[in-house]
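A.B. asks: Provided below for reference: sequence and predicted model.
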Amino acid sequence: METKIAKAISAAVTNILRPLVRLLLRNGIPYRTFSDIAKRVYVDVATEEFSIPGRKQSKSRVSILTGLSRKEVLRVRRLPATDDLGAGARYNRAARVVAGWVRDRQFRDDSGNPAELPFEGSAASFRKLVTTYSGDAPARAVLDELLRVGTVQRIPDGKIRLLERSYIPKTGEIDKIGILGVDASDLIATIDHNIRRPDTPFFQRKVCYDHLPLEALPELKKKAADRGQALLESMDRWMSARDRDVNPGVPGTGRKRAGIGIYYFQEDYGEGGKT
């Protein structure tokens, strides 16, 4: 059974790595760099999550768990920490501001759409929006970020108009790569939970067909975007009402991070399989 599981994991990891290695090679990341990153993660996870209760994790145990020598464990621990160059913070900050703009009635117009906001000087201003949904982040910095990625624009009267109902960077590879790290990690963590805890599974579904005509894809992409966005906005309203950053008075215990992700995919598929 263990051999079968190992083979299944090897096949699954190969599938995961194929698009990842494609991205690494396209961006000039050689195997040696990837190897050091992988070793660092092995050491960190073994140290932080696989210790014996009540005992400090030793280099020897980390070496046994990871298959790395004690010397290599020490070398890897001395490698500089990884840095996403602020992409994660920008993503979280900007996404919360955009979601609040779409959801909160005080920042919508009479038709129920996100209002065109003055930067400051009124109850429904961009500065108030940022203060409400992004804490102590400088409003000017948030505006510059949203302008940079094309989520908002300044209109002739000086107000700020929302162009997209979600924060998706259209420019800046660093920000897109940062999203890759967060979203792919969340999906893999969900699958891992469902393997370990089949009694309490997390929701994980997809629908896929492999013989669709090219002409059907534009409509499929539009349906996925429209219906997916509607679902996410509905869930955002529900979660925001219960989030204690936005509503400190919400009762309850603990602090949990939870969410829902939707993504669209397509690829060529030849007569003999994937091409």
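C.D. replies: The structure has been received and is ready for your questions.

A.B. asks: so where's the stretch 101-250 of the chain shaky on pLDDT?
C.D. replies: Scanning the stretch 101-250 of the chain with the threshold set as pLDDT under 70 gives 170-173.

A.B. asks: and stretch 255-272, which residues are buried?
C.D. replies: Residues of stretch 255-272 classed as buried: none (neighbour count, 16 or more other C-beta atoms under 10 Å). Every C-beta, even on glycine, is put in place using the N, C-alpha and C of the backbone.

A.B. asks: As CSV, could you dump the C-alpha coordinates of that stretch?
C.D. replies: Below are the C-alpha coordinates for stretch 255-272, written out as CSV (Å, rounded to 0.1, in the frame of the first residue of the first chain):
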residue,chain,number,x,y,z
ARG,A,255,-9.0,33.4,14.6
LYS,A,256,-9.3,31.4,11.4
ARG,A,257,-8.5,32.2,7.8
ALA,A,258,-11.0,30.8,5.4
GLY,A,259,-12.1,31.5,1.8
ILE,A,260,-13.3,30.3,-1.6
GLY,A,261,-11.4,30.3,-4.9
ILE,A,262,-12.7,29.9,-8.4
TYR,A,263,-10.5,29.6,-11.5
TYR,A,264,-10.9,28.9,-15.2
PHE,A,265,-8.5,26.7,-17.2
GLN,A,266,-8.1,25.5,-20.8
GLU,A,267,-5.5,23.7,-22.9
ASP,A,268,-5.0,21.9,-26.2
TYR,A,269,-6.0,18.3,-26.2
GLY,A,270,-4.8,16.1,-29.1
GLU,A,271,-6.1,12.8,-30.4
GLY,A,272,-3.5,10.9,-28.3
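
A.B. asks: Tell me how far that stretch lies from the chain's centre.
C.D. replies: Centroid separation for stretch 255-272 versus its chain: 12 Å, with C-alpha atoms, centre = their mean, to the nearest Å.

A.B. asks: avg pLDDT for that stretch?
C.D. replies: The pLDDT scores in stretch 255-272 average 86.

A.B. asks: Give me the contacts around it.
C.D. replies: For stretch 255-272, the surrounding residues in contact (C-beta atoms under 8 Å, 6 or more residues apart in numbering) are 183, 186-187, 203, 208, 210-211, 217, 220-221, 224-225, 228, 231-232, 235, 239, 244, 274-275.

A.B. asks: Show me the protein divided up by domain.
C.D. replies: 1-82, 87-162 (automatic domain parsing).

A.B. asks: Would you reformat these as TSV and include distance to residue 176 and mean neighbour count?
C.D. replies: Output for these, formatted as TSV (distance: least, C-beta to C-beta, whole Å; neighbours: other C-beta atoms under 10 Å):
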stretch	distance to residue 176	mean neighbour count
domain 1-82	10	12
domain 87-162	8	17
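
A.B. asks: Tabulate these in JSON lines, adding columns for distance to residue 269.
C.D. replies: Shown next, in JSON lines, are the domains of the chain (distance: least, C-beta to C-beta, whole Å):
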{"stretch": "domain 1-82", "distance to residue 269": "15"}
{"stretch": "domain 87-162", "distance to residue 269": "32"}
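
A.B. asks: Could you give the backbone dihedrals for the residue lying closest to residue 119 once chain neighbours are set aside?
C.D. replies: Spatially, and ignoring its direct neighbours in sequence, residue 119 is nearest to residue 126 (4.9 Å; C-beta to C-beta, 6 or more residues apart in numbering). Backbone torsions for residue 126, taken as degrees, to the nearest 10, come to phi -60, psi -40.
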